[in-house]
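Asks: Quick one, structure for this:
(one chain, ligands or ions: 1)
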Amino acid sequence: MKVSILPLCLLAFLFAFPGQAFVVEANAATIVVDTAADTLTNGGGCSLREAITNANADAATIADCTAGSGADTINFDASLAGQTITLSLGQLVISSSITIDATGVANLSVSGNNASRVFDITTATAVVVMTGFRITGGNGSPGGGIRNTGDLTFNNMTVQSNAGSGSGGGVYTLGTGNRLTINGGFISANTASSGGGIHGVTSLVISLTNVTVSGNTASIDGGGVFALGGTLNIMGGSVTSNTATNNAGGGIVASGTTLTATNASITNNHADGSQGRGGGMYIDGGSSTISNSTLIP
Ligand SMILES: [Ca+2]
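Replies: Numbers count the residues shown, from 1 in each chain. As a prediction, the model looks like this:
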């Protein structure tokens, strides 16, 4: 009997790399934004909106920017240091895994111009990392600065002076599993009805490590952070000078949440009005473990 060796080779390959034999890994692209203008047309350089468009599409939809390919990284030209990308075409929609990294480009801001949310991460499977810039002037509900349906990590980000009429003035995050990880940086001076700085909903994990959550305001509850269900881990950092103007939890509301706070400073928060309770923290069900922390309403 004559046996062809080719099928045997293929079989051996499939055993060696089960499930991967026919997967071609896309090589992620690096796309460099070189203009602060908010455009979505060819000509005039690569805008942040155009870079995100190409990254989402894994294509060169806008020829000004490098084509996207897989989990892309967006960087910024050094000339954008100190500049503000002011959105004029509405929020920036992220529907794929993207890293936006402004390392080395100091004091870069992206502003919703008090007219739109700044970022909307719309895909549960999207892994998004943002590093080293400021999200400001966002206006949306839920989520004034950013609404996150994906797996979002902030590194040394500033989320400042965003607003929403509903939940999550700075950040609104939802979903299951690890949804919001914040390392360093500031969540400051954002306003909403619930969760002035951050609002997280249901079975997700929010981890704040060495983050300053300060000067945020909720017109109802959760001035700094409102966690509804899920897990809230606060490691180091501070939650300070946040206000719930007419209900509970000036600093933090944890409602049915597994809360841990370690080496954290939770000070000078206020829950005001006739319904005011829980200046520093308002804990409603769930479980809480607070260690080596300063908790002063
Ligand atoms: Ca992509």
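Asks: So which bits of this structure are right by the ion?
Replies: 55, 58, 68, 72, 96 (CB under 5 Å from the ion). (Glycine included, C-beta is placed from N, CA and C.)
Asks: So the last one, which state does it fall into?
Replies: So that's residue 96. coil (DSSP: H, G, I helix; E, B strand; the rest coil).
Asks: Need phi/psi at it.
Replies: Backbone torsions of residue 96, given as degrees, to the nearest 10, read phi -150, psi 170.
Asks: Tell me the pLDDT of it.
Replies: pLDDT for residue 96: 98.
Asks: For the residue lying closest to it once chain neighbours are set aside, give me the pLDDT.
Replies: Leaving aside its sequence neighbours, residue 96 sits nearest to residue 56 (CB to CB, 6 or more residues apart in numbering; 4.8 Å). Note on residue 56: pLDDT of 98.
Asks: Now the element after whatever helix or strand residue 56 lives in, going C-ward?
Replies: Residue 56 is part of helix 48-57, with elements assigned from DSSP states H and E. Beyond helix 48-57 in the direction of the C-terminus, DSSP H and E gives the next helix or strand as strand 72-76.
Asks: May I have the strands that pair with the next helix or strand along the chain from that next one, each with its orientation?
Replies: Counting by DSSP H and E, the next helix or strand C-terminal to strand 72-76 is strand 84-86. Strand pairing for strand 84-86, using DSSP bridges, gives strand 109-111 (parallel).
Asks: wait, the residue nearest to residue 96 sits on residue 68?
Replies: Yes: Residue 56 is in contact with residue 68 according to CB atoms under 8 Å; the separation is 6.8 Å.
Asks: Which neighbours do the two have in common?
Replies: residue 96 (CB atoms under 8 Å, 6 or more residues apart in numbering).
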